[in-house]
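Student: Curious how this folds, go ahead:
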Amino acid sequence: MPRFIPEVGPTGGTALGNSYLTTWANCPREWYNVYYRPIVTYDAEDREKIHRGIQLPNTATPLLTGSIIHEAIAEWYTSGVRDGVDTGERSLDRAIDVASVHWKSAAPKYGAGPEEADENWRLVEQMITDYHHDFGPDSANPDFPEIRVVCDSEGEPLIERAWEFPITDGYSYTCRTDLIITNRGNLQTMEHKSATRNSARMRLKSLAMDSQFSGEYWIL
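Tutor: Okay, the predicted model is just below:
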């Protein structure tokens, strides 16, 4: 198989990260179709262009839900950072605004069309609101000041930050962390996962063996 390193895609994923490697481990044929299969197109001047990988026209609704909520929570934490310091002032409005932008962008990917998209938006908006009411500054169990977002030397919050480490010539292992925080003074990484109520317990049990987190711990 020719050496191939995918570019970072529009979803914000990282090249040679966990998804790339586990796709290969689980099914080399799927890896070939998703990441490597050459697709030939032509531009307006009839010049040949080659793209790699097949992208399905529709995306499973749970994946869209998780992606949108991911962006919203990132903005929720970012909204509290001022001049390199986490103030704990989380903005529900900013989180919902960001979610709305990503939901509108994802709307064509809902397989059942506008009705499914609208129904999912109501779910997404409710989940973000519940998160704010559970952990926001006016909640009964606010995450701040025990949990504080860490900023880099330039005062930028370590939110949705990509990391990489060289493995061998031409290849680096990469990951993208949700948050780097201090939890009661202890430096930690913080990740968010969405799951249905029925699958949440199984998801929690599997986290200790999850290759995404193993790779993240190693690279950090």
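
Student: OK, contacts around C151?
Tutor: Neighbour list for C151: 81, 84-86, 157-158 [criterion: C-beta atoms under 8 Å, 6 or more residues apart in numbering]. In short, each C-beta sits where N, CA and C put it, glycine included.

Student: For this structure, which segments are assigned as helices?
Tutor: Taking DSSP state H to define them, one finds helices in the chain at 18-26, 28-31, 61-78, 92-106, 114-135, 197-206, 211-219.

Student: Could you tell me the least trusted of those?
Tutor: Out of the helices of the chain, helix 197-206 stands lowest, with a mean of 84 (criterion: mean pLDDT).

Student: Now do the longest strand seen in the chain: which elements does it pack against?
Tutor: As assigned by DSSP state E, the longest strand anywhere in the chain is strand 171-183. For strand 171-183, the packing partners by 3 or more C-beta pairs under 8 Å, 6 or more residues apart in numbering; DSSP states H and E come out as helix 61-78, strand 147-149, strand 159-168, strand 186-190, helix 211-219.

Student: I'd like to know how many residues surround Y77.
Tutor: Neighbours of Y77 under the rule other C-beta atoms under 10 Å: 25.

Student: Quick check: it vs I50, distance?
Tutor: Separation of Y77 from I50 (C-beta to C-beta, to the nearest Å) stands at 39 Å.

Student: Same question for E146.
Tutor: For E146, the distance to I50 equals 51 Å [C-beta to C-beta].

Student: So which of these two has more stuff around it?
Tutor: Shown here are E146 and I50; by other C-beta under 10 Å, E146 has more neighbours (13 against 8).

Student: Ramachandran angles for the more buried one?
Tutor: phi -60, psi -40 (degrees, to the nearest 10).

Student: Give me the distance between it and I181.
Tutor: Here the criterion is C-beta to C-beta. By it, E146 lies 9 Å from I181.

Student: ditto for V40
Tutor: The gap separating V40 from I181 is 46 Å, by C-beta to C-beta.

Student: Nice, that's everything, thank you.
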